[in-house]
Structure formats: structure tokens, C-alpha cells
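Asks: Below: sequence and its predicted model.
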Amino acid sequence: KFSANNGISKILDIDIQIGRTGALTPVAKIDPVNIGGVVVSNATLHNEDEINRKDIRIGDVIEIQRAGDVIPQVVSVDFTKRDNKNSKKFVFPKVCLCGSETKKEFSKSTKKLDAVRRCTKGYDCKFIAKEKLKHMVSKEALNIDGLGKKVVDQFWDLNLINEPADIFNLNYKKIKTLEG
């Protein structure tokens with residue numbers, strides 16, 4: 001692995017992304033900063049425990065690095081630059097973007113709660129379903145040429161695909177005039 005490149009930025013907001021396994025991942029939206037020749041505007045915050053451990057808040061000045069020269073992550077907070085009057089702890093949502101309850105599962109191997117909070121709705125969560133479709137068409141799975149993440153997003157928004165079977169029932173006449 002390469003040594004990481006670092007930079008300093010400010011957290012503008014914290015968004016939650018839902019992955020294909022239902023994991024809720026916090027992402028810091030930051031003032032764009034050039035790190036190793038790449039302009040970075042998002043940085044992963046990993047999970048709820050990491051935000052609490054590092055005491056990360058919206059408005060904080062942070063040090064970020066591109067771990068393995070790829071994924072931007074928050075290394076530390078510069079507490080000397082925090083606006084203590086207006087600074088509020090980030091409250092991690094207890095519900096998914098779909099409105100369902102989220103929970104941390106108990107790990108039998110570690111005998112502790114997992115660090116990751118997940119949506120309990122499973123396949124019925126539209127955010128999980130969309131991410132599962134993106135994975136299904138990826139190189140690691142079915143490897144469908146011309147059907148990548150952006151096209152899945154487009155077809156999803158147009159209600160052309162909602163589940164895996166829809167991919168194989170696409171109407172060519174409906175999609176041939178679409179962008180891309």
C-alpha cells in the first residue's frame with residue numbers, strides 16, 4: 001500500500017448513504033480540497049461509533065487522508081477551530097431513509113453489538129434494492145456491458161427496473177432513445 005496523502009477541510013454537512021447490505025454509512029460533505037492531485041468533496045465517516053469516538057460535528061475543521069490513495073476518510077478534528085457556541089453533536093438516525101427502524105446486530109463471535117447500523121426492512125427497502133441491482137450488474141457479478149451504476153439509477157428513476165427480473169424484460173424500444 002502507498003502512504004496516504006492528507007489535506008485540511010471543513011465539514012459542510014453529514015449525509016447518510018444506504019448500501020446493498022442495508023448498512024447506514026455517514027458521509028461528510030466537505031469544502032472541496034485537492035489531495036494528491038484529486039479534488040475531494042466527500043469523506044467517509046465509517047459508522048456511528050467512529051463519529052462519537054472522534055467527536056466529529058458539522059462545521060468542524062478536519063484533517064482528511066486518502067487511505068491507500070483511494071477512499072477519503074477523516075483522520076482527526078481540529079478542536080481549536082471549533083465554534084463551541086453553535087456546534088452540536090451529530091445525532092445518528094435511528095430510522096433508514098425509507099422510514100424503517102434500524103438496528104445494530106449482536107455479533108456472536110465478538111459478543112458485542114456490531115459497529116454498523118442496518119435497515120431492518122431488507123429487500124423491501126427501495127434504497128437497498130437499488131444498491132443490490134447496481135451490484136448485480138457489476139463486473140463482480142453478472143458483468144452486463146453498458147448497464148452500470150448510472151444507467152441503473154436512470155432506469156430506476158424511470159421505473160423501468162425495480163427488481164432483477166426487470167433487467168431481462170427491458171423493452172428495447174423504450175430504452176433505445178434514452179441518453180447513453
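Replies: Sure thing, it's come through.
Asks: Tell me where the protein has helices.
Replies: 48-54, 126-136, 149-157, 164-168, 172-175 (DSSP state H).
Asks: mind putting the ones you listed in TSV, mean pLDDT included?
Replies: As requested, those are exported to TSV (pLDDT from 0 to 100):
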stretch	mean pLDDT
helix 48-54	95
helix 126-136	95
helix 149-157	94
helix 164-168	93
helix 172-175	88
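Asks: Surely residue 89 is in contact with residue 57?
Replies: Yes - counting by Cβ atoms under 8 Å, residue 89 sits close enough to residue 57 to count as a contact (6.3 Å). Using the backbone N, CA and C atoms, a C-beta is placed for each residue, glycine as well.
Asks: re earlier: next, format the helices of the chain as JSON lines and append mean neighbour count and distance to residue 67.
Replies: As requested, the helices of the chain are exported to JSON lines (neighbours: other Cβ atoms under 10 Å; distance: least, Cβ to Cβ, whole Å):
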{"stretch": "helix 48-54", "mean neighbour count": "16", "distance to residue 67": "13"}
{"stretch": "helix 126-136", "mean neighbour count": "19", "distance to residue 67": "22"}
{"stretch": "helix 149-157", "mean neighbour count": "16", "distance to residue 67": "22"}
{"stretch": "helix 164-168", "mean neighbour count": "12", "distance to residue 67": "32"}
{"stretch": "helix 172-175", "mean neighbour count": "10", "distance to residue 67": "38"}
